[in-house]
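A.B. asks: give me a model of this one.
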Amino acid sequence: MAFPKHSILQALSVLLLALVLVHCQVPLEPEEEEEEEPIKEINISTMVTKSELLECPLECSCTAEGSVDCAGVDLTEFPAELSDKTRQLSLQNNKIKEITVEHISHLHQLETLNLQNNWLTSAELAYLYLANNKLTSAPIVLPPSLVSADFAANHLTKIYLYTFGQKPKLRSVYLHNNKLTDAGFPEHAFNGSDNLEILIMSSNLLRVVPRNLPSSLFRLHLKSNKLEEIPAGAFDTLSNLRELALSSLEFLDLSNNNLSVVPTGLPRNLVLLHLEKNSIRSIPGDALASVRNLEYLLLHNNKLRSRSIHPSAFRGLKKLHTLHLYNNLLERVPRGLPKRAKTLMLLHNLITDISRNDLAMLYTLTELNLSYNKLTSPRLHREAFRKLRFLETLDLSGNSLSSFPLGLPRSLQVLEIKNNQLYSIPDGTLTGMEKLRKLILSDNQLKLNSVYQGAWMELTALTTLDLSGNQLSHIPSDLPESLEYLYLQSNRISSVPASAFEGTPNIKGIFLRFNRLAVDSVDESCFAHLSNLQVLDIGTGNTDLPFKREEIEEELEA
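C.D. replies: Modelled structure (predicted):
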């Protein structure tokens, strides 16, 4: 029994019915007609008789490999008795008017269905779902009734003018995860489809942003292509675009493409611009001139060098507050950084020095990350941070600093200098840092006698102190009362006296794993008054390793 046509056509998401349309010719112009394909000659050596393959229709010829040829035999109905092992089904040049779900629902191995030159109609087709198949070419013509088409995750290399063109009801097209190139995507692919709102073309092989897209577009996805060019004015008419969002466009994601330069002519209303994971080597002076509303600019994971960023590249971007330049090839802090930036990410570059004025114009900066560069103490100017009066978070981890930096802003709340070569904290370095809440100094070479007396006590707001992975021989005696978490694992601590935590009544977590603590070297009374203690990690990593007593005495005398 045939199903109602409209329900059948909507149910074809799991079938290959749309292959009906892949080669279905609805001639609109004479020159687009193709010659009829002659009936294929059958290799007799591969033929099987009906007795050998009972499911082979009487009018057709079949092979053991799953090929069924019913071309040009005047069929008026879809052939019955097809084997569920059918892989190729040729039905071209017949008079078939209708296909139902029942006809092909059992053909689980079907790869190719040729229905060229039949009498099929699809006037009511509204929703076409053909994702996750092996289509290499889109239908030449789809009906004007189409509302949504999903061809995602196929092998499409070509779209035709009337595949999606002249579809006044079309609202959404999904073409992601295919193999579409610029040559396979016509310049006026959506001509006459003036209500299209969603176009998803991520993960294809496009090198140029498609031209002449409908002004009705609301969502456009182009990430993970091979984009190298955005044609001038490509987004000028897209007044409704909001996502990937162009020209009232506020969000544009061009990440993970092959751009070598920041494109010019970007939509004027951009707020967030993703350009990370490209091959960008330069930023021209006028590249960002049109995006004066830009607030977030993400340029990490590119190939930028400091000299390839024009000093005027960020001029006029008065709203830009977040700039990501990490994982590039910067040798120094670029010139002309946005003056109103609040977050600046420069980690994982090749920066070797910070001069006195490199950061002097960044008055409003609140977060600065310079971790994992090539900074050394002699090449970090002691007045480099003097203008950063609002800086709250500073990360200098993963460099080659040997001495605690001087002249740090008193506004700091979080300071990380882990994984360096720090061996000293000079006198007065921490004086005045009354807002500092978190100090991470793990994996350095600090000893107790290399930290000036009373240093920690000056940090009256400190709640987290991480001194793990250093060379401390005992627990510091001048810890601040505000301290809540103390990390001392992987040091040389050999004992914990009763007075160890007298000055830290608010402490919640103590971590002492991987030291030199013996069973009888910890006075348990030191924890008795710590009413807020939640975590005490002495662990199994402590061993009574050999060490020189004079090493301890030397530090205690300091």
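
A.B. asks: what is the neighbour count of Ser525?
C.D. replies: Ser525 has 11 neighbours, counted by other CB atoms under 10 Å. (C-beta placed from N, C-alpha, C; glycine too.)

A.B. asks: excluding chain neighbours, give the residue nearest to it in space.
C.D. replies: In space, and not counting its chain neighbours, Ser525 is closest to Ala498: 4.8 Å by CB to CB, 6 or more residues apart in numbering.

A.B. asks: hang on, the one you found in a helix?
C.D. replies: No: with DSSP: H, G, I helix; E, B strand; the rest coil as the criterion, Ala498 is assigned coil and is not in a helix.

A.B. asks: list the contacts for it?
C.D. replies: Residues in contact with Ala498 (CB atoms under 8 Å, 6 or more residues apart in numbering) are Asp523, Ser525, Cys526.

A.B. asks: those strands in the stretch 351-500 of the chain, which residues are they?
C.D. replies: 367-369, 393-395, 414-416, 438-440, 464-466, 485-487 (DSSP state E, counting those that start in this stretch).

A.B. asks: which pLDDT value goes with the residue nearest to Asn373 when sequence neighbours are not counted?
C.D. replies: Leaving out its chain neighbours, the residue that sits closest to Asn373 by CB to CB, 6+ apart is Ile351, at 4.0 Å. We note a pLDDT of 99 for Ile351 in this prediction.

A.B. asks: just to revisit the earlier point, CSV for the contacts of Ala498, including secondary structure, pLDDT and distance to Gln166?
C.D. replies: Formatted as CSV, those follow (DSSP: H, G, I helix; E, B strand; the rest coil; pLDDT from 0 to 100; distance: CB to CB, whole Å):
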residue, secondary structure, pLDDT, distance to Gln166
Asp523, coil, 94, 86
Ser525, helix, 94, 86
Cys526, helix, 94, 82
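
A.B. asks: can you add distance to Ala313 and give those back as JSON lines?
C.D. replies: Formatted as JSON lines, the contacts of Ala498 follow (distance: CB to CB, whole Å):
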{"residue": "Asp523", "distance to Ala313": "61"}
{"residue": "Ser525", "distance to Ala313": "62"}
{"residue": "Cys526", "distance to Ala313": "57"}
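
A.B. asks: thinking again about what came up before, now mean pLDDT and distance to Asn542 too, for the strands of the stretch 351-500 of the chain, in JSON lines please.
C.D. replies: Compiled in JSON lines, these are given as follows (pLDDT from 0 to 100; distance: least, CB to CB, whole Å):
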{"stretch": "strand 367-369", "mean pLDDT": "99", "distance to Asn542": "34"}
{"stretch": "strand 393-395", "mean pLDDT": "99", "distance to Asn542": "30"}
{"stretch": "strand 414-416", "mean pLDDT": "99", "distance to Asn542": "26"}
{"stretch": "strand 438-440", "mean pLDDT": "99", "distance to Asn542": "23"}
{"stretch": "strand 464-466", "mean pLDDT": "99", "distance to Asn542": "18"}
{"stretch": "strand 485-487", "mean pLDDT": "99", "distance to Asn542": "15"}
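
A.B. asks: looking at those, which is nearest to Leu89?
C.D. replies: Set against Leu89 and scored by CB to CB, the strands of the stretch 351-500 of the chain come closest in strand 367-369, at 60.0 Å.

A.B. asks: quick one: the closest one to chain centroid distance?
C.D. replies: Centroid separation between strand 367-369 and its chain, computed with CA atoms, centre = their mean, to the nearest Å, is 21 Å.

A.B. asks: then stretch 358-372?
C.D. replies: Between the centre of stretch 358-372 and the centre of its chain there are 25 Å (CA atoms, centre = their mean).

A.B. asks: ok, and what's touching it?
C.D. replies: By CB under 8 Å, 6+ apart, the list of residues contacting stretch 358-372 reads 321, 326, 332-333, 337, 339-349, 351, 354, 384-399, 416.

A.B. asks: stretch 306-324 now?
C.D. replies: Here stretch 306-324 makes contact (CB under 8 Å, 6+ apart) with 262, 276, 281-289, 291-300, 330-345, 364.

A.B. asks: repeat the analysis, applying 6 Å as the threshold.
C.D. replies: 281-285, 292-298, 300, 330-332, 334-336, 338, 340-345 (CB atoms under 6 Å, 6 or more residues apart in numbering).

A.B. asks: and for stretch 132-152?
C.D. replies: 21-22, 26, 122, 124-131, 153-160, 162-163, 167, 169-177.

A.B. asks: among those residues, name the ones in strands.
C.D. replies: Of the positions in those, Tyr127, Leu128, Tyr129, Ser172, Val173, Tyr174 sit in strands, assigned by DSSP state E.
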